[in-house]
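Visitor: Need a 3D model of the sequence below.
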Amino acid sequence: MDFGELKEYLETHDNYLILTHKSPDGDTLGAGFGLCGYLRDMGKKANVLNSENFPVRYNFLYDGYYVQEFEPQSVIAVDIADTQLLGSHLSAFAEEGAIDVCIDHHISNKYYAKQSYVDGRASAACLILYQLFKYMGRPVSAQVAKCLYTGIATDTGCFKYENTIPEAHIAAAELMRYDIDFSIINRKMFDVKSKGRLIAEQKVIEAMEYFFEDRCAIIVLTTEMMNSCGVEQAEFEGMASIPLSTEGVKIGITIKQRHEDVYKLSVRTTEEIDASAFCRRFNGGGHIRAAGCEIQGTLEQVKEKVLAGVREVLGC
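Guide: Numbers count the residues shown, from 1 in each chain. Next comes the predicted model:
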């Protein structure tokens, strides 16, 4: 699809279900609620769905949101590269082939929807939506602007990640013209941490392991550890940057337990290594410098598989 086709689709359909990915972050939630708010402002009906509860730390994105009653007619996935990211409660949409449109910015997108708009260069799904809304010519509300700004800021690491393109800065500057309290958003997203989160960081840093002459660093978040910190899962978002913050590390890996024998990998790399290509070894994907996947097995088995892959990409 191009913007012209997306514009026509949004204007001629109604009763939207907007799907966001499991372990929701600022971009998928910003895109979901931003699109929902924009559609409702057009006089459409729309709801946002997720396999998990919407995290409390993003509650400013949900201001004024309520569930509307309607018979669904259209399903749109935002910031979801693969149906595996839907989570168990939304997987039926993929199994039934019910996803009509996917709007995404991951180069690893599997093109599972009936129609797709994928821009692998875009810094965030929210940047795509911002550009789409400008193309459509309808003004956005301050609440929609807040959602879009949050998605762009979080997916660029407050504009410090390599995926930050000039258009991301331009969009952020234009969105700042709205009364969105951007400084409060950035403080909440990047500076303020709960006591439980700080305890978790202390634990993983103390237990961080280094391999291959300190070019690889790995941290592990087990269910037991996360439960002991007494905070919701969303609090652990952003910890994937910790391993790569060590000088000399080329590939940083966060292994986070999802179920008894299922672990999620978050991979961050420097310019020498393609994180998305690394995760494709395990049926995952993402961006060149930030990607993810899931691996089944015991923690020991998962680490063994991961280290074998790292050994290859480092040429050890």
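Visitor: how far away is the residue positioned nearest the centre of the chain from Gly286?
Guide: Nearest to the geometric centre of the chain sits Asp25, at 4.6 Å (CA atoms, centre = their mean). Noted for Asp25: a distance of 12 Å to Gly286, by CB to CB, to the nearest Å. Using the backbone N, CA and C atoms, a C-beta is placed for each residue, glycine as well.
Visitor: which stretches of the stretch 51-200 of the chain form strands?
Guide: Here the stretch 51-200 of the chain has its strands, by DSSP state E, counting those that start in this stretch, at 74-78, 101-104, 115-118.
Visitor: out of those, nearest to Met189?
Guide: For Met189, the closest of those is strand 74-78, at 18.6 Å, according to CB to CB.
Visitor: just checking, what packs against that closest one?
Guide: When contacts are defined as 3 or more CB pairs under 8 Å, 6 or more residues apart in numbering; DSSP states H and E, strand 74-78 sits against strand 16-19, helix 26-41, strand 101-104.
Visitor: So for that strand, mean pLDDT?
Guide: Averaged over strand 74-78, pLDDT sits at 98.
Visitor: That one - which strands sit beside it in the sheet, and in what orientation?
Guide: Here strand 74-78 is paired, per DSSP bridges, with strand 16-19 (parallel), strand 101-104 (parallel).
Visitor: Kindly reformat the ones you listed as a markdown table and extend each row with mean pLDDT, mean neighbour count and distance to Ile242.
Guide: Below are these laid out as a markdown table (pLDDT from 0 to 100; neighbours: other CB atoms under 10 Å; distance: least, CB to CB, whole Å):
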| stretch | mean pLDDT | mean neighbour count | distance to Ile242 |
| --- | --- | --- | --- |
| strand 16-19 | 98 | 24 | 29 |
| strand 101-104 | 98 | 25 | 26 |
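Visitor: mind putting these in JSON lines, distance to Cys229 included?
Guide: Listed next are the strands paired with strand 74-78 as JSON lines, based on distance: least, CB to CB, whole Å:
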{"stretch": "strand 16-19", "distance to Cys229": "29"}
{"stretch": "strand 101-104", "distance to Cys229": "32"}
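Visitor: Looking at these, which is nearest to Gly87?
Guide: Checking those against Gly87 by CB to CB gives strand 16-19 as the closest, at 9.5 Å.
Visitor: ok, Ser116 to Cys279 distance?
Guide: 20 Å.
Visitor: ok, now Val302?
Guide: From Val302 to Cys279 the distance is 13 Å (CB to CB).
Visitor: Same check on Ala171?
Guide: From Ala171 across to Cys279, the span is 27 Å (CB to CB).
Visitor: before we move on, what about Phe212?
Guide: Distance, Phe212 to Cys279, using CB to CB: 18 Å.
Visitor: Now do stretch 233-249: distance from first to last residue.
Guide: 26 Å (CA to CA, to the nearest Å).
Visitor: Before I go, just wanted to say thanks for your time.
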